[in-house]
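> structural data only, the sequence is not supplied:
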Ligand code: SF4
């Protein structure tokens, strides 16, 4: 069992039913919502979904936003995922000229100076590449779970509230369900999870959390 699995891999009583529902939803999504893609941050939820897509042999490509600020462990996992995934894994990076101009003007750590600069950094490194990744897609798959925060407490399995449908196959999974799946299926995952990073993003904006802190306390903590 993985170190993170040691701590977390206690599945819900109805885990097998949830897993069957998730598999059925992914099969249905692949048939009904093309073109469809999975957005992967390479976090625990996303590696579980990628594993499901591959094991079900679904025609669903995956994309990752490589912001230029990811931890080395995340970049290594990205390389392994690209090498081992049956489904194609496409990487989107920020526009080089935008990054060069922004860093020349604001330095390497603008996110600590103000909320506006943090948002500007996110726009260049995440929002604009995400727009490119989703262009032309009818739907996308995310790893959102209701348990992650109060704001996500109502996340539906299929979200049609926006023009592009969002499929959230793990909406009702617990953190224990995710780790149970990872452990039971020997899924490759980011070793930062073994160091108490539940939510992994850009290196300057993520830190480890203490046991008992909110899941997303490790993001934008300053
Ligand atoms: S999460 Fe931090 S480093 Fe990443 S794009 Fe946003 S502000 Fe920049």
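Nice, I can see it. Quick caveat, the model's predicted, so the values are computed rather than measured. Numbers count the residues shown, from 1 in each chain.
> contacts only, for the closest residue in space to residue 15 that isn't next to it in sequence.
Excluding the flanking residues, the one nearest residue 15 by CB to CB, 6 or more residues apart in numbering is residue 177, at 5.4 Å. Yep, even glycine has a C-beta here, placed from its N, CA and C like the rest. Listed by CB atoms under 8 Å, 6 or more residues apart in numbering, the contact set of residue 177 reads 11-12, 15, 18, 170.
> kindly check the end-to-end length of stretch 29-44 for me.
One end of stretch 29-44 sits 21 Å from the other (CA to CA, to the nearest Å).
> check the gap between the residue most central in space within the chain and residue 15 for me.
Nearest residue to the geometric centre of the chain (CA atoms, centre = their mean): residue 41, 3.3 Å. Computed with CB to CB, to the nearest Å, the distance linking residue 41 and residue 15 is 23 Å.
> for the residue nearest to the centre of the chain, what are phi and psi?
phi -90, psi 0 (degrees, to the nearest 10).
> got it, and residue 127?
When quoted as degrees, to the nearest 10, the phi and psi of residue 127 stand at phi -70, psi -50.
> offset the numbering so it begins at 331, please.
Got it, the first residue is 331 from now on, which makes the last one we talked about residue 457.
> what about it, how many neighbours?
By other CB atoms under 10 Å, 13 other residues sit near residue 457.
> for the one 4 residues further on, same thing?
Counted with other CB under 10 Å, residues neighbouring residue 461 total 11.
> and for residue 451?
Using other CB under 10 Å, the number of residues around residue 451 comes to 24.
> returning to that earlier point: please convert the contacts of residue 507 to a markdown table, extending it with secondary structure and pLDDT.
Output for the contacts of residue 507, formatted as a markdown table (DSSP: H, G, I helix; E, B strand; the rest coil; pLDDT from 0 to 100):
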| residue | secondary structure | pLDDT |
| --- | --- | --- |
| 341 | coil | 90 |
| 342 | coil | 91 |
| 345 | helix | 97 |
| 348 | helix | 98 |
| 500 | coil | 97 |
